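Participant: Need coordinates for the below:
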Amino acid sequence: MLSPLRLGVAAGIVWGLCIFICTILAMYIGYSIQFLNIMADIYPGFTITWWGSLVGLLYGFLDAFVGFFLIAWIYNLLAE
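Facilitator: Sure, this is the predicted structure:
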């Protein structure tokens with residue numbers, strides 16, 4: 001059995017931090033700007049700024065949390 005809550009939180013933390021770190025790197029060295037421009041189309045209010053890095057952290061956490069929560073929940077339904 002997978003814990004949907006634990007898997008969701010773990011994935012949310014990882015993906016949120018990835019967006020946050022990529023945004024900071026993009027501001028200073030230009031790393032991952034094309035990827036972040038795509039994320040800006042998906043996450044309303046996200047920009048390549050300090051404020052945008054926090055918005056991306058929140059959106060990234062919520063996005064991965066919901067996705068992985070559902071994966072674990074469906075996995076548990078099928079494993080029964």
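Participant: Nearest residue to the middle of this structure?
Facilitator: Closest to where the C-alpha atoms of the chain average out (C-alpha atoms, centre = their mean) is G60, at 2.2 Å.
Participant: mind listing what it touches?
Facilitator: Neighbouring residues of G60 by C-beta atoms under 8 Å, 6 or more residues apart in numbering: G12, W15, G16, L17, C18, I19, F20, Y43. C-beta: built from backbone N, CA, C; applies to glycine.
Participant: The first one: neighbour count?
Facilitator: Taking other C-beta atoms under 10 Å as the criterion, the count of residues near G12 is 22.
Participant: And for the fourth one?
Facilitator: Here the count is done by other C-beta under 10 Å, and L17 has 14 residues near it.
Participant: you'd agree it is up against L57?
Facilitator: Yes: shown here, L17 and L57 form a contact pair, counting by C-beta atoms under 8 Å, at 7.1 Å.
Participant: could you pull out the helices for the protein?
Facilitator: Remark: helices of the chain, listed N- to C-terminal, are 4-29, 33-42, 50-79; assignment by DSSP state H.
Participant: Just the angle for the longest one relative to helix 33-42, thanks.
Facilitator: Our comparison of helix 50-79 with helix 33-42, counting by axes from the mean of the first three to the mean of the last three C-alpha atoms, to 10 degrees, yields an angle of 70 degrees.
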